[in-house]
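Engineer: one predicted model, sequence on top.
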Amino acid sequence: MEKIELNNKKQTKEDVLKQSLLKERGQIPKHVAIIMDGNGRWAKNKGKVRIQGHKAGVDSVRDTIESCAQLGVEYLTLYAFSTENWKRPKAEISALMKLLIQSLRKETKKLNDNDIRLNAIGQIDRLPSVCYKELIEAMDLTAYNERMVVNLALSYSGRWDLTRAMKKISDKIKSGDIIPEEVNEELITSYLSTSEMPDPDLLIRTGGEYRISNFLLWQSAYTEMFICSKYWPEFRRNDLYTAIEAYQTRERRYGMISEQIYKEAKEKAEITV
Ligand code: FPP
């Protein structure tokens, strides 16, 4: 696998070792989703203004993208701005949008050089026009990259995603393209903004709170959750490794019982051998 460098720093030998141990120990989640919470509280604790928390959070984003790509994570979905975040004070919203524009301008080339694709889910046409334009350009430039997809959830909420899917399906029923009997889980999944990616295997939430906050509601039906007490600006690759280690110890039963999961895994291993 090609080297990846977003931090402009050489990967340490210790980190290479940690990553190879993690890969040997068990499965690396294909799709990691993160609720990046706690920027405001981090700033407040340090006597800074909230936006400084968001700014510091960009370093965590960069380190997380780089380490996920090195580990072989295929999709990384970051909850960067929720539908409900539009209710925040105007000054905070515009500072966040500026930060997003700056980050896109600064980081897109590096993402592209490292074969990383940038994608966005959410009502992105609600974003200020400059921000929307930068985002579309970054998505176009990186559209054919294959190493990993960084999926930014912007002006996103799970209920918005489901409502939009329901509306599209209703229109298709009205026009006769779909008959009601054809509506099933697979069809609904195919109308969601995440239709081209697998459901998240691991959902990390920083900031210590235990809620889903209208994130990937349908998609996280069987996602393993990991709550990290650190605020997002403090989150670094070692915290990601802790979350993945915890994920590797979980038994994902999808409603079945342990013995069935064991039998399935054994049969799969016999076929592969
Ligand atoms: C939640 O913390 C965080 C956000 C609403 C914004 C996340 C944005 C970034 C990490 C920076 C830019 C991102 C990219 C992808 C370039 P909060 O403000 O709700 O914190 P609090 O719960 O402590 O108030």
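Structural biologist: Yep, that arrived.

Engineer: distance check, Met197 against Pro128.
Structural biologist: Separation of Met197 from Pro128 (C-beta to C-beta, to the nearest Å): 27 Å. To be clear about C-beta, it is placed using only N, CA and C from the backbone, and glycine gets the same treatment.

Engineer: between the two, tell me which one has more neighbours.
Structural biologist: Met197 (18 against 14; other C-beta atoms under 10 Å).

Engineer: pretty sure Ile227 belongs to a helix, no?
Structural biologist: No. Counting by DSSP: H, G, I helix; E, B strand; the rest coil, Ile227 is located in no helix; its state is strand.

Engineer: what are the phi and psi angles of the nearest residue to it once chain neighbours are set aside?
Structural biologist: Excluding its sequence neighbours, the residue lying closest to Ile227 (C-beta to C-beta, 6 or more residues apart in numbering) is Arg205, at 5.3 Å. Here is the backbone geometry of Arg205 (degrees, to the nearest 10): phi -120, psi 130.

Engineer: for Leu203, helix, strand, or coil?
Structural biologist: Per three-state DSSP, Leu203 ends up strand.

Engineer: got it, and Asn119?
Structural biologist: Applying three-state DSSP: Asn119 is strand.

Engineer: so it makes contact with Leu152?
Structural biologist: Yes. Using C-beta atoms under 8 Å, Asn119 is in contact with Leu152, at 7.2 Å.

Engineer: more neighbours: which of the two?
Structural biologist: The residue with more neighbours, out of Asn119 and Leu152 and counting by other C-beta under 10 Å, is Leu152; that gives 24 against 19.

Engineer: pretty sure that one sits against Ile121.
Structural biologist: Yes. With contact defined as C-beta under 8 Å, Leu152 counts as touching Ile121 (7.4 Å).

Engineer: hey, what's in contact with both of the two?
Structural biologist: Thr77 (C-beta atoms under 8 Å, 6 or more residues apart in numbering).

Engineer: what segments of this structure are strands?
Structural biologist: For the chain, the strands defined by DSSP state E cover 31-35, 75-82, 116-121, 148-156, 202-206, 224-228.

Engineer: which strands or helices does the fifth one pack on?
Structural biologist: What that stands for is strand 202-206. If you count contacts as 3 or more C-beta pairs under 8 Å, 6 or more residues apart in numbering; DSSP states H and E, strand 202-206 packs onto strand 31-35, strand 224-228, helix 237-249.
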